[in-house]
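Novice: what's the 3D shape of this:
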Amino acid sequence: MRAITVRYTGNQLLQYGVAILLAVIFFFPVVWMFLTSLKPAGEIYAWPPHFFPQAPTIINYFRVFTQSLLGRYILNSMIVSSFSAVAVIVLASMAAYGIARIGFRGSSLVLVVFIGLAMFPQLAIVPSIFTWFRDLGLINTYVGIVIAYVGLFTPIALWILTVYFRTIPSDLEESARIDGCGMLRMISHIILPVSIPGVVTAALIVIIQTWNEFFLALVILSRNHLRTATVGIALYPGEYAFPWDLITTATFMAILPIFFLTLVFQRRIIGGLTAGAIR
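Specialist: Numbering: from 1, shown residues only. Prediction:
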């Protein structure tokens, strides 16, 4: 058989080297958490530290599910992230279609205002949100945290969907109007099916953001059985020191769903984010 020789230029080697270096930097904390979760408590605090466990054990995984509410925390995160993503996509898709296709006066200004609101610091608005939600009886409820997340993450979904809707050919809508298709039917039966990559991208980003959000979840969900994974793990009790064996194990378990979700849908995420780059 004939050997195939692949030659790389200096620029390509540099790009591959930078990519490998960045991959190592970003994945090192995850690998370190996984290896730490396999170490007994005494080995975690040993000095000098060992990268690989000397006496690997899975006892931490049994302890984290039997001595804490980690399973409940992860379930709460799934419920909150799922309902928040659905609500955000429904609202953002209708608003994005109006901005991208109808083109009413001041539509671009509306989009800029929404993006500006998304950059507003949470610390400045949390006292007001807490007061309103307390008066409405929304503290320590799934409804309250979902409403907060809808207001927080709708702007980013609106921006993604607006950019994606602008890439859809207008001929599809004109043909639908000729056939007598109404506005709502056209959006639900034609526009949304065509824009599935953008919708999936926006939904996944909202899920990831709500899964990782800490501050609002800490303020609105104060009861232990309602806490999300990020808050529940951060508030693990320790009598004299932080239980790093349980914390690292619980953290690794909590990031696994998002890790696999991103791994499975990475092509759709990249495709949806770059949809408006080339027209």
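Novice: list the contacts for Leu152?
Specialist: 118, 122, 213, 216 (Cβ atoms under 8 Å, 6 or more residues apart in numbering). (Each C-beta comes from the backbone N, C-alpha and C, glycine too.)
Novice: So which of these is the closest to Phe51?
Specialist: Closest approach to Phe51 among the contacts of Leu152 (Cβ to Cβ): Glu213, at 31.4 Å.
Novice: TSV please, covering the contacts of Leu152 and showing distance to Leu35 and secondary structure.
Specialist: Below are the contacts of Leu152 laid out as TSV (distance: Cβ to Cβ, whole Å; DSSP: H, G, I helix; E, B strand; the rest coil):
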residue	distance to Leu35	secondary structure
Ala118	36	helix
Gln122	33	helix
Glu213	27	coil
Leu216	32	helix
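Novice: which among those residues end up buried?
Specialist: 118, 213, 216 (16 or more other Cβ atoms under 10 Å).
Novice: Tell me if I'm right that the last one and Ile145 touch.
Specialist: What it means is Leu216. Yes. In this structure, Leu216 is within contact of Ile145 by Cβ atoms under 8 Å, at 6.8 Å.
Novice: burial measure for Leu111, as a count.
Specialist: If you count neighbours by other Cβ atoms under 10 Å, Leu111 ends up with 19.
Novice: list the contacts for it?
Specialist: 99, 158-159, 162.
Novice: Go ahead and list the helix or strand containing Gly198.
Specialist: helix 196-212 (DSSP states H and E).
Novice: related to what we said a few turns ago, a markdown table for the buried ones among the contacts of Leu152, including pLDDT and distance to Pro49?
Specialist: As requested, those are exported to a markdown table (pLDDT from 0 to 100; distance: Cβ to Cβ, whole Å):
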| residue | pLDDT | distance to Pro49 |
| --- | --- | --- |
| Ala118 | 73 | 40 |
| Glu213 | 90 | 31 |
| Leu216 | 90 | 35 |
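Novice: how about the residues you listed in JSON lines, adding distance to Ser128?
Specialist: Below are these laid out as JSON lines (distance: Cβ to Cβ, whole Å):
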{"residue": "Ala118", "distance to Ser128": "17"}
{"residue": "Glu213", "distance to Ser128": "18"}
{"residue": "Leu216", "distance to Ser128": "12"}
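Novice: Show me what the helix holding Gly198 is packed against.
Specialist: Using 3 or more Cβ pairs under 8 Å, 6 or more residues apart in numbering; DSSP states H and E, the elements in contact with helix 196-212 are helix 70-97, helix 142-165, helix 229-234, helix 244-264, helix 266-273.
Novice: From Thr251, how far off is the residue nearest to Gly232 when sequence neighbours are not counted?
Specialist: Excluding the flanking residues, the one nearest Gly232 by Cβ to Cβ, 6 or more residues apart in numbering is Tyr73, at 3.7 Å. Using Cβ to Cβ, to the nearest Å, we find Tyr73 at a distance of 11 Å from Thr251.
Novice: Right, I'll leave it there.
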